[in-house]
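[1] Model the following, please.
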Amino acid sequence: MTTGLLISAIRSGAGKTTVTLGLLAALARRGVRLCSAKAGPDYIDPAFHSAATGAPCVNLDSWTMPQPLLQSLMARAVKSTDLIAVEGVMGLFDGVPDAAGRNGSSASIAAQFRLPVLLVLDVTAQSQSAAAVVRGFATHDPNIRIAGVVLNRVGSERHRRLITDAIAAVGIPVVGAIPRDATLALPERHLGLVQAAEHDDLVTRISALADIAEKHLDLDAILGLATEMEVPLLRENAPALPPPGQRIALAADAAFSFIYPHLIDGWRDAGAEIVRFSPLANETPPEDCDSCWLPGGYPELHAGALAAAGTFHDGLARFARTRPVHGECGGYMVLGEGLEDASGHRHTMTGLLSHTTSFHKRKLHLGYREARLLVDSAIGTAGTIIRGHEFHYASLIDMGCDDALLALTNADGQPLPERGGRRGHVTGTFFHAIAQIF
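    Numbering: from 1, shown residues only. Below is the predicted model:
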């Protein structure tokens with residue numbers, strides 16, 4: 001029997017990721033067979049989950065993913081596990097307007113899979129008022145059950161007691177209280193946490209979070225909150241995106257690391273082979289591949305090294321003469337003529353597309369996107385509808401003169417100016433593709 005639980009909070013920044021990681025690591029120490037998932041289009045948190053559990057982490061998103069894909073991903077995740085823990089995104093009910101319940105919120109995932117919710121509550125600068133917050137969340141949506149509460153950033157034993165006694169009247173158990181401690185926070189940068197692979201002391205950090213969880217969380221009570229999963233039998237589905245080739249050259253290093261596991265798994269299930277190479281190491285896409293994919297990441301942090309990687313530039317240009325090359329977000333930036341770093345210094349990029357981007361002139365671009373492909377390309381045929389998201393601070397400072405790749409709208413259906421680019425076999429866009437909508 002596999003049980004499940006969703007860990008959420010009332011807002012972003014409440015500490016749900018550190019609580020989730022500590023809980024996962026502590027349960028893994030006990031020998032619980034774990035898997036985890038992350039609600040929403042997040043690339044970074046899942047790598048920390050995997051470090052804590054030793055198992056792959058999957059993304060689950062109700063707005064971008066069709067129902068059969070969501071069900072298939074969940075069925076695959078829970079196979080041969082005792083517990084699946086899903087970390088929410090933002091606040092529990094935060095999402096986009098959608099009458100069908102596909103609003104991208106953590107609550108929509110909890111409702112679809114009937115997952116009880118463990119609510120992480122940052123109690124900084126409040127005491128008994130926390131009970132009113134819990135009561136409000138518990139009664140807001142009859143399809144959502146708040147099963148337990150973890151208090152985070154508790155100031156003292158008296159602080160904990162005041163809050164716990166107040167919440168007792170709501171009838172929801174407090175199953176943990178973590179003290180205020182700045183050392184528990186994981187380092188961040190402009191797109192979220194510093195990536196798991198960049199921490200030399202990641203094992204030590206995860207172990208420390210497990211220690212905290214063992215000391216301040218009632219692990220037995222939390223396990224008791226999880227309920228039996230009702231997931232349909234695993235069935236074969238079309239991949240979220242069709243594989244762009246039989247052998248796919250995938251850029252993979254510190255500059256190119258944002259690729260969803262469900263895309264890779266779907267391509268492999270469809271018979272494709274993934275061959276990784278490193279532009280930062282001045283490597284070229286292997287000649288025996290028939291397509292090349294440059295995912296997002298942090299090219300702005302490595303712009304000098306990428307500009308100096310002449311072998312990579314030449315090899316990618318040679319590859320693109322006869323085969324598809326696609327870049328999304330960071331990969332799109334590298335396909336352009338130039339990239340301005342944070343200091344305003346311009347670095348020459350591959351020039352396979354004609355646009356120029358800048359991280360110096362920072363502007364947040366964030367939100368769900370729906371794309372209609374205008375031409376056949378590596379991500380689908382003309383007319384295909386694909387859902388995904390944007391999350392970047394770079395901006396186009398020169399649109400270039402390439403043909404448009406797609407027509408883009410936000411989650412409200414409002415058209416957006418970004419249209420990507422296509423020149424010959426090369427395509428790119430800031431838009432991160434998650435799944436075709438059939």
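[2] Tell me how many other residues crowd the closest residue to L416 other than its chain neighbours.
    Using CB to CB, 6 or more residues apart in numbering and skipping residues adjacent in sequence, the residue nearest L416 is L408, 4.5 Å away. For every residue, glycine as well, the C-beta is placed using N, CA and C. Neighbour count for L408, taken as other CB atoms under 10 Å: 22.
[3] Can you pull the domain assignment for the chain?
    3-228, 247-436 (automatic domain parsing).
[4] if we can go back for a sec, give the bridge partners for the residue nearest to L416, please.
    A371, L416 (DSSP bridges).
[5] I'd like the secondary structure assignment at R318, please.
    Counting by DSSP: H, G, I helix; E, B strand; the rest coil, the backbone at R318 sits in helix.
[6] Next up, the contacts around the spatially closest residue to it that is not a sequence neighbour.
    Of all residues not flanking R318 in the chain, T284 sits nearest, at 7.7 Å (CB to CB, 6+ apart). Neighbouring residues of T284 by CB atoms under 8 Å, 6 or more residues apart in numbering: F277, T311, F312, D314, G315, L316, R318, F319.
[7] what do you get if the cut-off is 7 Å, keeping everything else the same?
    F277, T311, F312, G315, L316 (CB atoms under 7 Å, 6 or more residues apart in numbering).
[8] what does L366 give?
    Neighbouring residues of L366 by CB under 7 Å, 6+ apart: E390, F391.
[9] Using PDB, write out every CA atom in the host helix or strand of it.
    Element membership for L366, per DSSP states H and E: strand 365-373. Provided in PDB are the C-alpha atoms of strand 365-373 (Å, rounded to 0.1, in the frame of the first residue of the first chain):
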ATOM      1  CA  HIS A 365       9.300  37.500 -16.800                       C
ATOM      2  CA  LEU A 366       7.200  34.900 -14.900                       C
ATOM      3  CA  GLY A 367       4.100  33.000 -15.600                       C
ATOM      4  CA  TYR A 368       2.300  30.200 -17.400                       C
ATOM      5  CA  ARG A 369       2.300  30.300 -21.200                       C
ATOM      6  CA  GLU A 370       0.400  28.700 -24.000                       C
ATOM      7  CA  ALA A 371       2.100  28.500 -27.400                       C
ATOM      8  CA  ARG A 372       0.700  27.800 -30.800                       C
ATOM      9  CA  LEU A 373       3.500  26.700 -33.100                       C
END
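[10] So which bits of the following helix or strand past that strand are buried?
    Following strand 365-373 in sequence order, the next helix or strand is strand 385-392 (DSSP H and E). Neighbour-count burial for strand 385-392 flags I386, R387, G388, H389, E390, F391, H392 (criterion: 16 or more other CB atoms under 10 Å).
[11] Kindly state the beta-bridge partners for the last one.
    Same thing as H392. Counting by DSSP bridges, the residues bridging with H392 are H365.
[12] Surely it and C329 touch.
    Yes - using CB atoms under 7 Å, H392 makes contact with C329 at a distance of 5.6 Å.
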